[in-house]
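Asks: no sequence for this one, just the structure:
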């Protein structure tokens, strides 16, 4: 097979064809020989010839939504050409996110999803770190499997694996627990800054002011209980400091007209207790948002 002349190869190098297509044109299975031949002929690197302008690259990345792989293919780069496109984006200051699920991360949470997330983080949910971003993880025991499925339904557009993960634990007789996680999302990064300042979960006025009756319902369903004998409600807030719980008590009083008391528990910890006289006021707030599978917690 005859190698192309300098003039022939120059015309091909200046075209939009890929190295693979150029190789196939001359009957080669592998383009490496022609790439070496181009260097021997003193032809300029294709990355310089094919380099897009800033405007062209912005159009392809931001307006057309192409990935670096797709841009490289359209411009005629070889298999590793995507790395050049990444470099051009950085040089031009073009912001991009081509990681897995980047399209979902561009979709904002609904108000309802934010409300549930803020309430869940007061209860059993937690933010799982991954690099500089976070996913929202939920976990419940077998008795609350229906409740976990309700949460899965609320966040299903941000959950790529719909099957619940099950594991056996050594807690309470090896009872199974079930869990799922959302994708990493910018909204959750903002929630981490709100709920975990300095890396530790802290109850703040800003967090409390963001709560709605739906948030309170999820908080109660996760970490609350009703004492049927005395008619009182307890929110298990013992993971927070006494000062933070006093802040929560002030919030309930000012925002909802409910005055919970700090009830001492072991090891110098406290929980919030709502007395029987104000129980119905609290349950009236949360009841419209309680799914059928958890109505038993309303008494």
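Replies: Right, received. Where do you want to start? In this text the structure is predicted, and so the values were computed from the model without any measurement.
Asks: what's the burial count for residue 281?
Replies: 12 (other Cβ atoms under 10 Å). To be clear about C-beta, it is placed using only N, CA and C from the backbone, and glycine gets the same treatment.
Asks: ok, it - contacts?
Replies: 256-258 (Cβ atoms under 8 Å, 6 or more residues apart in numbering).
Asks: The same query, at a cut-off of 7 Å, please.
Replies: 257-258 (Cβ atoms under 7 Å, 6 or more residues apart in numbering).
Asks: Give me the mean pLDDT for whatever helix or strand it lives in.
Replies: Using DSSP states H and E, residue 281 sits within helix 276-286. For helix 276-286, mean pLDDT is 97.
Asks: buried set for that helix?
Replies: Going by neighbour count (16 or more other Cβ atoms under 10 Å), the buried part of helix 276-286 is 278-279, 282-283, 285-286.
Asks: Which residue ranges of the chain form strands?
Replies: With strands called from DSSP state E, the chain shows them at 126-130, 133-141, 165-168, 176-181, 224-227, 232-235, 261-264, 270-274.
Asks: would you turn these into JSON lines with mean neighbour count and distance to residue 10?
Replies: Formatted as JSON lines, those follow (neighbours: other Cβ atoms under 10 Å; distance: least, Cβ to Cβ, whole Å):
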{"stretch": "strand 126-130", "mean neighbour count": "16", "distance to residue 10": "47"}
{"stretch": "strand 133-141", "mean neighbour count": "20", "distance to residue 10": "46"}
{"stretch": "strand 165-168", "mean neighbour count": "10", "distance to residue 10": "57"}
{"stretch": "strand 176-181", "mean neighbour count": "18", "distance to residue 10": "53"}
{"stretch": "strand 224-227", "mean neighbour count": "17", "distance to residue 10": "75"}
{"stretch": "strand 232-235", "mean neighbour count": "21", "distance to residue 10": "76"}
{"stretch": "strand 261-264", "mean neighbour count": "14", "distance to residue 10": "82"}
{"stretch": "strand 270-274", "mean neighbour count": "21", "distance to residue 10": "78"}
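Asks: right, and those strands - which one's nearest residue 61?
Replies: Smallest distance to residue 61 across the strands of the chain (Cβ to Cβ): 20.6 Å, for strand 133-141.
Asks: ends of stretch 275-295, how far apart?
Replies: One end of stretch 275-295 sits 20 Å from the other (Cα to Cα, to the nearest Å).
Asks: How far away from the center of its chain is it?
Replies: Offset of stretch 275-295 from its chain centre (Cα atoms, centre = their mean, to the nearest Å): 30 Å.
Asks: try stretch 144-160
Replies: 14 Å.
Asks: hmm, who's touching it?
Replies: With contact meaning Cβ under 7 Å, 6+ apart, stretch 144-160 is reached by 101, 104, 113, 116, 138, 140, 164, 178, 180, 182-183, 185, 221, 291, 293-294.
Asks: can you check stretch 207-215 too?
Replies: Against stretch 207-215 from outside (Cβ under 7 Å, 6+ apart): 112, 115-116, 118-119, 194-195, 247-248, 251, 285-286, 289.
Asks: quick one: which of those residues is nearest residue 227?
Replies: residue 286 (16.3 Å).
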